[in-house]
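Participant: Predicted model and sequence below, questions to follow.
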Amino acid sequence: MSRCIALTRAELKRHPLPPVVEGDKNAHGKLLVIAGTRDIPGAAMITANAAMRAGAGKITIATVASVAPQLGMAVPEAMIVAMAEGRDGGFARSSVARLAELANDCDALIAGPGMSPTPVATQLAARLCGVGVPMALDAALLHGLAPVARAARAASPDTILLPHSGEMASLIGCSEEEAEANPLDCGREAARRYDAIVLAKGVQSHVVTPDGAAWRYEGGGPGLGVSGSGDTLAGILGGLLARGAEPLAALLWAVWLHGEAGGLLTKKIGPVGFLAREISAEVPGLLAKAQPSE
């Protein structure tokens, strides 16, 4: 098995992002964010804002109808698409086909933040895996992925999975305690099982590819353990994917940017107490220092 490589700024030079170039919003990529429920509408806002901070040119948020108007005011830069809503406050089954249509008209997509595990989430995960654009699945869509593992394995390009320990347990059928104790081994099993690039979240984050290659990020600090932090990371990733970054490079950079932003806020505010929505504001400055431009 290959060694686990430290994810540092020097290592990122081996996985460059596309350079920043002149162009209108279309030149910087179109991202679709499928997120939110009636009870957790803010996840969509946090994800979309982080994507714009990472440089995405156009954002479309597809969310449930009851929160769409509020999101339109909270994220005026984004197009909001109100989807049919089920009695549980999540996406209705009838929304799955329309969400797949929207996914076919984007450069990248992030799906799952703020959603609840339901049969609809499982059906949606299977449909999205067949779309053929760079994609990351999070939260509810991970809990429902095991029954449609074949669809995930068939996805091209490789799907990115963003599980915490509970979602990892659902993905590979282990206990949450095992996922916490052995994030690298569990990440490798999930990457192999789903033929996906996996971020095993934890105190130390591990990025793993289907062939077993792995990277470890140890920075960030305890302040990143706050509600919405994972949505911020998903948004940063989505912004980089929309700009045309290769999936592995996008994930490595997203993990590093998220962690380094946490480190900066630790110095400015304190080791805990900053908000998830504040993390992404640090990303443009970090990118300007680390990313080539033309």
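Facilitator: Received, thanks.
Participant: and the most centrally placed residue in the chain, what is it in contact with?
Facilitator: By CA atoms, centre = their mean, the chain has its centre lying nearest to Ala234, at 2.5 Å. Applying CB atoms under 8 Å, 6 or more residues apart in numbering, one finds that Ala234 lies in contact with 47, 50, 110, 112-113, 136, 138, 162. Bear in mind the C-beta positions are built from the backbone N, C-alpha and C, glycine included.
Participant: What is the helix or strand encompassing Val198 packed up against?
Facilitator: Element membership for Val198, per DSSP states H and E: strand 197-200. Applying 3 or more CB pairs under 8 Å, 6 or more residues apart in numbering; DSSP states H and E, we find strand 197-200 packed against strand 160-161, helix 183-194, strand 205-208, helix 247-268.
Participant: make it 7 Å
Facilitator: If contacts are counted by 3 or more CB pairs under 7 Å, 6 or more residues apart in numbering; DSSP states H and E, strand 197-200 sits against helix 183-194, strand 205-208, helix 247-268.
Participant: Tell me the first helix or strand C-terminal of the last one.
Facilitator: As assigned by DSSP H and E, the chain's next helix or strand after helix 247-268 is helix 276-279.
Participant: And for the second one?
Facilitator: Downstream of strand 205-208, the next assigned helix or strand under DSSP H and E is strand 214-217.
Participant: how close does Asp107 sit to Ala139?
Facilitator: 22 Å (CB to CB, to the nearest Å).
Participant: ok, the two, which is more surrounded?
Facilitator: Using other CB atoms under 10 Å as the criterion, Asp107 and Ala139 rank with Ala139 on top: 25 against 20.
Participant: What are the phi and psi values at the more buried one?
Facilitator: Dihedral angles of Ala139 (phi, psi; degrees, to the nearest 10) stand at phi 50, psi -120.
Participant: Restricting to C-alpha, output stretch 174-189 in PDB.
Facilitator: The C-alpha trace of stretch 174-189 is given here as PDB (Å, rounded to 0.1, in the frame of the first residue of the first chain):
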ATOM      1  CA  CYS A 174     -18.700  -0.300   9.600                       C
ATOM      2  CA  SER A 175     -19.400   1.300  13.000                       C
ATOM      3  CA  GLU A 176     -19.000   5.000  13.500                       C
ATOM      4  CA  GLU A 177     -16.400   4.300  16.100                       C
ATOM      5  CA  GLU A 178     -14.300   2.300  13.600                       C
ATOM      6  CA  ALA A 179     -14.600   5.000  11.100                       C
ATOM      7  CA  GLU A 180     -13.300   7.500  13.700                       C
ATOM      8  CA  ALA A 181     -10.500   5.200  14.800                       C
ATOM      9  CA  ASN A 182      -9.300   4.200  11.300                       C
ATOM     10  CA  PRO A 183     -10.100   7.000   8.900                       C
ATOM     11  CA  LEU A 184      -7.400   6.200   6.400                       C
ATOM     12  CA  ASP A 185      -8.300   2.500   6.100                       C
ATOM     13  CA  CYS A 186     -12.000   3.300   5.900                       C
ATOM     14  CA  GLY A 187     -11.300   6.000   3.300                       C
ATOM     15  CA  ARG A 188      -9.400   3.500   1.200                       C
ATOM     16  CA  GLU A 189     -12.200   1.000   1.400                       C
END
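Participant: which residues are contacting it?
Facilitator: Residues from elsewhere that reach stretch 174-189 (CB atoms under 7 Å, 6 or more residues apart in numbering): 4, 165-166, 168-169, 172, 198, 200, 202, 206, 208, 212, 214.
Participant: May I see the PyMOL selection of the buried members of these?
Facilitator: To isolate the buried ones among those in PyMOL, judged by 16 or more other CB atoms under 10 Å, type:
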select buried, resi 4+165+168+169+172+198+200+202+206+208+214
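Participant: want to throw the contacts of stretch 174-189 into TSV with pLDDT?
Facilitator: Supplementary listing: the contacts of stretch 174-189 in TSV, determined by pLDDT from 0 to 100:
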residue	pLDDT
Cys4	94
Ser165	94
Gly166	94
Met168	97
Ala169	96
Ile172	97
Val198	98
Ala200	96
Gly202	82
His206	96
Val208	97
Gly212	92
Ala214	97
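Participant: Pick out the most distant pair among the contacts of stretch 174-189.
Facilitator: With CB to CB as the measure, no two of the contacts of stretch 174-189 lie farther apart than Gly166 and Gly212, at 23.6 Å.
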